[in-house]
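Asks: What follows is a predicted protein model with its sequence.
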Amino acid sequence: MSNTSASQTRTPAALPGHIAIVMDGNGRWAQKRWLPRVAGHKQGVEALRRVVEACIERGVPVLSVFAFSSENWNRPVEEVSGLMDLLVMALSREVPRLSENGVRLHFPGDRSALSSRVVQGLEAAERDTAHNRTLVLNVCFNYGGRWDVTQAAQRLVQQGREITEDNLSSAMALAHVGDPDLLIRTGGELRISNFLLWQSAYTELVFTECLWPDFDAAELDRAMAEFANRERRFGQTAEQRAEVEPMAVAAGQQHA
Ligand code: IPE
Ligand code: IPE
Ligand code: MG
């Protein structure tokens, strides 16, 4: 089978079941306009709203976004407190509309360093949207891939469970969803920056120069089109994938 026909038979896998995004470039977006960095973060919330709506329209069931990394505490104190304030404000403003649209919120990340005001906001949003089924939105906040692997291993040890791949996967902060099929990073940097290290072992990576506040449905479509043209081999040869494509793709997705 030629590559073309193989890619045609990949149609069922063309829609990513889980998209992850490193929302980068807010600071540069603001600096280009002589605005404070936090203005870029505010505009980033607008971009997230657009992308959530676009995912729902396109039938993408899971979206995971990187909102604050374990390393972002190293930023100037005013920016960190600006981001915390923005999170609390965005929750009170956005959750009712997200919930109307069937969005279920999760906030994977280390809550031990967050203030009680922030933790209460996250818990309330998770509780108030727990019944929704259209889109799972994971807003990774104070998240780090290394933190996640470490906390999962610690949990298994505490529970006296064996350290196996399956057990670790089930103890990770995103165990409620499958691994991401597509990871997009905006802002032009070509790195993962400690996002979903364990979960992105077989994720397709798409990098764009577009700064996050400028990201929209058209940019999402470009990334999804690039994803649809990739051949995911999961360690097999191209010939093996072409022969057993429908079965192999389904198996790969279950595994991923
Ligand atoms: C991403 O945008 C948002 C966070 C890390 C919170 P940045 O703030 O990193 O924007 P740049 O990379 O400085 O442009
Ligand atoms: C990654 O962006 C973290 C988030 C988008 C929340 P950073 O701007 O912090 O990443 P680096 O510092 O360029 O690696
Ligand atoms: Mg950045």
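Replies: Perfect, I can see it now. Ligands and ions are numbered 1, 2, ... in the order given.
Asks: What's the per-residue pLDDT of Gly25 here?
Replies: You'll see Gly25 listed with a pLDDT of 99.
Asks: For it, give me its contacts.
Replies: Going by CB atoms under 8 Å, 6 or more residues apart in numbering, Gly25 touches 40, 186-188, 210-214. Yep, even glycine has a C-beta here, placed from its N, CA and C like the rest.
Asks: at 6 Å what do you get?
Replies: Gly25 makes contact with 186-187, 211-212, according to CB atoms under 6 Å, 6 or more residues apart in numbering.
Asks: these two touch, right, Leu137 and Leu63?
Replies: Yes - if you go by CB atoms under 6 Å, Leu137 and Leu63 touch, sitting 5.3 Å apart.
Asks: Pretty sure Val103 sits against Leu137.
Replies: Yes - Val103 is within contact range of Leu137, at 5.1 Å (criterion: CB under 6 Å).
Asks: Need the residues that contact stretch 72-88.
Replies: 37-38, 41, 68, 118, 121.
Asks: interface residues of the stretch 101-250 of the chain facing ligand 2?
Replies: Proximity of the stretch 101-250 of the chain to ligand 2 (CB under 6 Å from any ligand atom) is limited to residues 189, 191, 193.
Asks: now, among these, which is nearest to ligand 2?
Replies: Looking at these and their distance to ligand 2, the nearest is Ser193, at 3.6 Å (CB to the nearest ligand atom).
Asks: measure that closest one to ligand 1 for me?
Replies: Separation of Ser193 from ligand 1 (CB to the nearest ligand atom, to the nearest Å) stands at 8 Å.
Asks: That residue: neighbour count?
Replies: 15 (other CB atoms under 10 Å).
Asks: Just list the residues touching the residue in the stretch 101-250 of the chain that ligand 1 sits nearest to, thanks.
Replies: Minimum separation of the stretch 101-250 of the chain from ligand 1 (CB to the nearest ligand atom) falls at Gly187, amounting to 5.2 Å. Going by CB under 6 Å, 6+ apart, Gly187 touches 24-25, 211.
Asks: returning to what we had before: most neighbours among the contacts of Gly25, which one is it?
Replies: Using other CB under 10 Å as the neighbour test, the contacts of Gly25 are led by Trp212, with 28 neighbours.
Asks: Is Tyr15 part of a helix or strand, or is it coil?
Replies: Residue 15: Leu, not Tyr. Three-state call for Leu15 (DSSP: H, G, I helix; E, B strand; the rest coil): coil.
Asks: Grab the nearest non-local neighbour of it.
Replies: Using CB to CB, 6 or more residues apart in numbering and skipping residues adjacent in sequence, the residue nearest Leu15 is Gly59, 6.4 Å away.
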